[in-house]
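Engineer: 3D, please:
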Amino acid sequence: MPEPESSQNTRLRTIKLTIEYDGSNYAGWQVQRTGQSVQTRIQEAIAAITGAPAVRLVGSGRTDAGVHAAGQVAHFKSATTIPAQDLVHAINTELPDDIAIIAAQDVPDDFHARYSAKSKTYRYSIVNRAVRSPLERGRAHFVRGRLDVPAMRAAAQALLGEHDFAAFRSKPNGKPSVRTITRLDVMTAGERIDLFVSANGFLYNMVRAIAGTLIEVGLGRRTPESVAGLLRSLDRSAAGPTAPPQGLCLMDVEY
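Structural biologist: Purely as a prediction, here's the structure:
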């Protein structure tokens, strides 16, 4: 049964949620005019549990349609008296199997899931073999041609540090495009290649553009040395294609 918000208990708590989801069936994280969103489903679940007429859930950032999360972070304010640890199970009873709250905690009132974040880590996953993988369908991008992983690692070095990443942004909006990448690892496990990217912020489709560029390096279509030049060009058309969304997963948000 939902717990009604008490009219006598007007103090609002700020509650931080850590969320895992498979984005395959959603139009992205953010509430959409058309299409179901992850944010909408969780807001509805919280409202059902707390009895609140409306819940505003604020995420650390948007993920696009088909993109997954192992550690998305969001917060909401509520007068509910349900202990944070009990909210995990309670909210999950109202969620579909492809979304789960994995942690909940009370945080200071000035906490903001987006603006308090110091860095984020994304993983982009590739299956590199002769035939597609049904088991990795919707989880990784299939690349048939043999990828040169050492070349990809060499190219990745040019992207570390603070740069203007305009060449890796899909939709220029006039806002600053300088970001700092603190980690860009190319890791292998059998036929799977995972790119781990950590930065103080990301532009629209930035990780997927980086992935598309490193894949081109791996296929021998561009040299590792060319990546520094295309970065300086600030020209999106100079970089590789935007890799498909299903390989991308938001792994962690640091505060």
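
Engineer: can we go C-alpha only for contacts and neighbour counts from here?
Structural biologist: Noted.

Engineer: In contact with Ser125, which residues?
Structural biologist: Contact criterion Cα atoms under 8 Å, 6 or more residues apart in numbering gives Arg139, Ala140, His141, Arg192, Ile193, Asp194, Leu195, Gly247, Leu248 as the residues in contact with Ser125.

Engineer: run the last query once more with 10 Å
Structural biologist: 136, 139-142, 186-188, 192-196, 211, 246-249 (Cα atoms under 10 Å, 6 or more residues apart in numbering).

Engineer: just checking, which of these belong to helices?
Structural biologist: Per DSSP state H, helices hold the following members of the contacts of Ser125: Ala211.

Engineer: Would you mind writing the ChimeraX command to select the buried ones in the contacts of Ser125?
Structural biologist: Paste this into ChimeraX to select the buried members of the contacts of Ser125, with burial taken from 16 or more other Cα atoms under 10 Å:
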select :136,139,140,141,142,186,192,193,194,195,196,211,246,247,248,249
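
Engineer: Run a quick neighbour tally on the residue nearest to Glu94 when sequence neighbours are not counted.
Structural biologist: Spatial nearest neighbour of Glu94, excluding adjacent residues (Cα to Cα, 6 or more residues apart in numbering): Ala45 at 5.1 Å. Residues near Ala45, counting by other Cα atoms under 10 Å, number 21.

Engineer: Could you do the one 3 residues further on as well?
Structural biologist: Residues near Ala48, counting by other Cα under 10 Å, number 20.

Engineer: try His75
Structural biologist: Using other Cα under 10 Å, His75 is surrounded by 23 other residues.

Engineer: From His68, how far off is Asp148?
Structural biologist: Distance of Asp148 to His68, computed by Cα to Cα, to the nearest Å: 26 Å.

Engineer: okay, these two: which has more neighbours?
Structural biologist: Comparing Asp148 with His68 by other Cα under 10 Å, the one with more neighbours is His68, at 30 against 15.

Engineer: Tell me the bridge partners for that one.
Structural biologist: Beta-bridge partners recorded for His68 (DSSP bridges): Cys249.

Engineer: Looks like it contacts Cys249 (just checking).
Structural biologist: Yes. With contact defined as Cα atoms under 10 Å, His68 counts as touching Cys249 (4.5 Å).

Engineer: Common neighbours of the two, please.
Structural biologist: Glu20, Tyr21, Asp22, Gly23, Tyr122, Arg123, Arg139.

Engineer: In contact with the closest residue to the first one other than its chain neighbours, which residues are there?
Structural biologist: By the measure of Cα to Cα, 6+ apart, the closest residue to Glu20 outside its immediate chain neighbours is Ala70, 4.5 Å from it. Applying Cα under 10 Å, 6+ apart, one finds that Ala70 lies in contact with 18-22, 100, 102, 122-123, 249-252.

Engineer: likewise Ser116?
Structural biologist: Ser60, Asp110, Val253, Glu254, Tyr255.

Engineer: and which of these is nearest Ala54?
Structural biologist: Ser60 (19.8 Å; Cα to Cα).

Engineer: What separation do you get for the residue nearest to Glu20 and Ile210?
Structural biologist: 20 Å.
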